[in-house]
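**Student:** got a structure for you, letters missing:
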């Protein structure tokens, strides 16, 4: 029986699709590709998620090997928050699930500076019983240790815990700990598959 539900944040409860944002802002295709490749898919981006470097350090490191200059890279980092917005249909499920008696947690790869801002701004965080982000513990998904850390921290029984993520690899890592996994593939509306998994109506 599922008693705990653990949510990833990015593209489960919070939209984060840089490529779409860059298109909306009319960045030329070649510049979009460079920004995606050199910043969002860089080792430095993962190191920020893991809490191993600061934003100024990331900008310096990326600039040393990118055709983008430091000012252009800094601008991208400055509009990270603009790329994000709550996936309201999914976020609205949290109070419904709480009323059904489920305990709710988050587990997400996230840099600390941006997380502190959104945690204060996004209404749905009030519904969580707890959670961790990668930068706090210097471990990132799909490293199985971050799932084990969450399980230990909150005394969860993995067999009673459902983990929800948009990335299959992260779900597989959760399942390796004994948790039940659910992949969303970035869907902004997960009520039906989640309800089916729980055997209840959650809308």
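**Tutor:** Arrived safely. All of these numbers come straight from a predicted model, not from anything done at the bench.
**Student:** Ramachandran coordinates for residue 130?
**Tutor:** Per-residue torsions, residue 130: phi 170, psi -170 (degrees, to the nearest 10).
**Student:** my guess is it meets residue 107, correct?
**Tutor:** No: counting by Cβ atoms under 8 Å, residue 130 does not reach residue 107; the two are 9.9 Å apart. Heads up, the C-betas are built off the backbone N, CA and C, glycines and all.
**Student:** Let me see the residues that make contact with the helix or strand bottoming out on mean pLDDT in the chain.
**Tutor:** In the chain, the helix or strand scored least confidently by mean pLDDT, DSSP states H and E is helix 112-121, which has a mean of 92. For helix 112-121, the external contacting residues (Cβ atoms under 8 Å, 6 or more residues apart in numbering) are 14, 51, 55, 80-81, 84, 125, 133, 135-136.
**Student:** So which of the residues you listed are in strands?
**Tutor:** Members of the contacts of helix 112-121 lying in strands (criterion: DSSP state E): 14, 133.
**Student:** on that earlier part again, of residue 130 and residue 107, which one has the most company?
**Tutor:** residue 107 (25 against 14; other Cβ atoms under 10 Å).
**Student:** and that one, what element?
**Tutor:** Using DSSP states H and E, residue 107 sits within strand 103-108.
**Student:** In its sheet, which strands sit next to that strand, and in what direction?
**Tutor:** Strand 103-108 pairs in its sheet with strand 4-7 (parallel), strand 130-133 (parallel), by DSSP bridges.
**Student:** List just the one of those that sits closest to residue 187.
**Tutor:** Distance to residue 187, taken as Cβ to Cβ, is lowest for strand 4-7 among the strands paired with strand 103-108, at 13.1 Å.
**Student:** for the record, mean pLDDT for the closest one?
**Tutor:** For strand 4-7, mean pLDDT is 98.
**Student:** what sits up against that strand?
**Tutor:** 13, 97, 102-108, 131, 150, 154, 156-157, 160-164, 174, 179.
**Student:** Tell me which residues of it come out buried.
**Tutor:** 4-7 (16 or more other Cβ atoms under 10 Å).
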